[in-house]
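Asks: Starting from these lines, generate the structure:
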Amino acid sequence: MGQPKDKTPKQGLDPTKKCPYCSTYVKLNADRCDACNRRIGPSSPYGVAKKPVNFKSYLIAILAVAVLAAYLVWAFGK
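Replies: So this is what the prediction gives:
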């Protein structure tokens, strides 16, 4: 058999994660990508940064659906 592989990180390497938008490698503690300047989240187990949730977009979409529903009730309701 062989020697067991060392699973500790190497001392000279800089830990990085991959931007989910442009696939550029950035530092592990970065919150913005250096290449595309978009916000990125923490790293997944596979080394790819997670996309942060954009609550503002969800709020705007819910508001737009509510306005559309109110208009439809006003225009076609009894």
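
Asks: quick one: the strands in this protein?
Replies: For the chain, the strands defined by DSSP state E occupy 16-18, 25-27.

Asks: and the last one, how far out from the chain's middle?
Replies: Averaging C-alpha positions (CA atoms, centre = their mean, to the nearest Å) puts strand 25-27 14 Å from its chain's average.

Asks: Closest to the centroid, which residue in the chain?
Replies: Nearest to the geometric centre of the chain sits residue 51, at 0.5 Å (CA atoms, centre = their mean).

Asks: Name the nearest residue to it, ignoring sequence neighbours.
Replies: Ranked by CB to CB, 6 or more residues apart in numbering and with sequence neighbours excluded, the top spatial neighbour of residue 51 is residue 20, at 5.3 Å. In short, each C-beta sits where N, CA and C put it, glycine included.

Asks: how close does the one you found get to residue 77?
Replies: Here the criterion is CB to CB, to the nearest Å. By it, residue 20 lies 44 Å from residue 77.

Asks: Show me which of those two is the more surrounded one.
Replies: residue 20 (16 against 7; other CB atoms under 10 Å).

Asks: Would you mark the buried spots in stretch 32-42?
Replies: 33, 40 (16 or more other CB atoms under 10 Å).
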